[in-house]
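Visitor: Give me a model of this one.
(chains A and B)
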Amino acid sequence: QKEVEQNSGPLSVPEGAIASLNCTYSDRGSQSFFWYRQYSGKSPELIMFIYSNGDKEDGRFTAQLNKASQYVSLLIRDSQPSDSATYLCAVSNYGQNFVFGPGTRLSVLP
Amino acid sequence: EAQVTQNPRYLITVTGKKLTVTCSQNMNHEYMSWYRQDPGLGLRQIYYSMNVEVTDKGDVPEGYKVSRKEKRNFPLILESPSPNQTSLYFCASSFRPRDPQHFGDGTRLSIL
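Guide: Have a look, this model is predicted:
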């Protein structure tokens, strides 16, 4: 059974701080890695995706991937109250199914 | 506008009454999936489809059926719904399995 694990939170950070979200996965064959943001009652929306080891930056968001450690993280700089949501980590093995983690609830305090 | 459309958005029904949740995408995506989301369990994949007439089981396929007769449509069928299938359901699509998925707005099913 392929597994993706995340701390459920809630993770609370003050406004303007860096939020760090972590994810580990069990399937060494995983090739694609995604971070989605989900507001309560809404559908997941894509924040970042990363395929190669290292860092990938997009605005205030940075995804970090370490395949050897089977670890992927998301950093949110200058956190805003509007960033308060559940963040879902997902992994995919080409040609097979997607697996999502349970999500981490982030609360950014004004 | 590129989108994934699910219907209905909300449904309350009774045990054993067959129902179908439709999913349609207008992006010419080959890969489509169905997920259910339950508190504390996250999103779990029910079925996925790599292309027309190609479907496969995800992690929680029991009690569900799907079909992919056309590229744009991927209906989810509950032949004999039971209360443990009460959940929030999402359809998603992408060009390939490795690509980010686009999600529909969700369907909240309540089986009494």
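Visitor: Up against chain A, what does chain B have?
Guide: Residues of chain B that fall close to chain A, judged by CB under 8 Å from any CB of the partner chain: B:33, B:35, B:40-45, B:48, B:50, B:56, B:58-59, B:90, B:96-106. In this view, the C-beta of every residue, glycine as well, is placed from N, C-alpha and C.
Visitor: Which ones among those residues map onto helices?
Guide: Applying DSSP state H to the residues of chain B next to chain A, no entry is found in helices.
Visitor: Can you flag the buried ones in the residues you listed?
Guide: In terms of neighbour count (16 or more other CB atoms under 10 Å in any protein chain shown), the buried residues within the residues of chain B next to chain A are B:33, B:35, B:42-45, B:48, B:50, B:58-59, B:90, B:97-104, B:106.
Visitor: residues contacting B:Leu76?
Guide: B:Thr20, B:Val21, B:Cys23, B:Trp34, B:Ile46, B:Tyr47, B:Tyr64, B:Lys65, B:Val66, B:Tyr89, B:Cys91 (CB atoms under 8 Å, 6 or more residues apart in numbering or on different chains).
Visitor: Could you rerun that using 6 Å?
Guide: Shown in contact with B:Leu76 (CB atoms under 6 Å, 6 or more residues apart in numbering or on different chains): B:Val21, B:Trp34, B:Val66.
Visitor: hang on, the second one packs against B:Tyr47?
Guide: Yes. Taking contact to mean CB atoms under 6 Å, the distance of 5.3 Å between B:Trp34 and B:Tyr47 places them in contact.
Visitor: Looking at those two, which is more packed in?
Guide: B:Trp34 (28 against 24; other CB atoms under 10 Å in any protein chain shown).
Visitor: Can you check the pLDDT for that one?
Guide: Listed pLDDT for B:Trp34 reads 97.
Visitor: What's the local residue count around the closest residue to it other than its chain neighbours?
Guide: Ranked by CB to CB, 6 or more residues apart in numbering or on different chains and with sequence neighbours excluded, the top spatial neighbour of B:Trp34 is B:Ile46, at 4.4 Å. Residues lying near B:Ile46 (other CB under 10 Å) number 25.
Visitor: Fine by me, thanks again.
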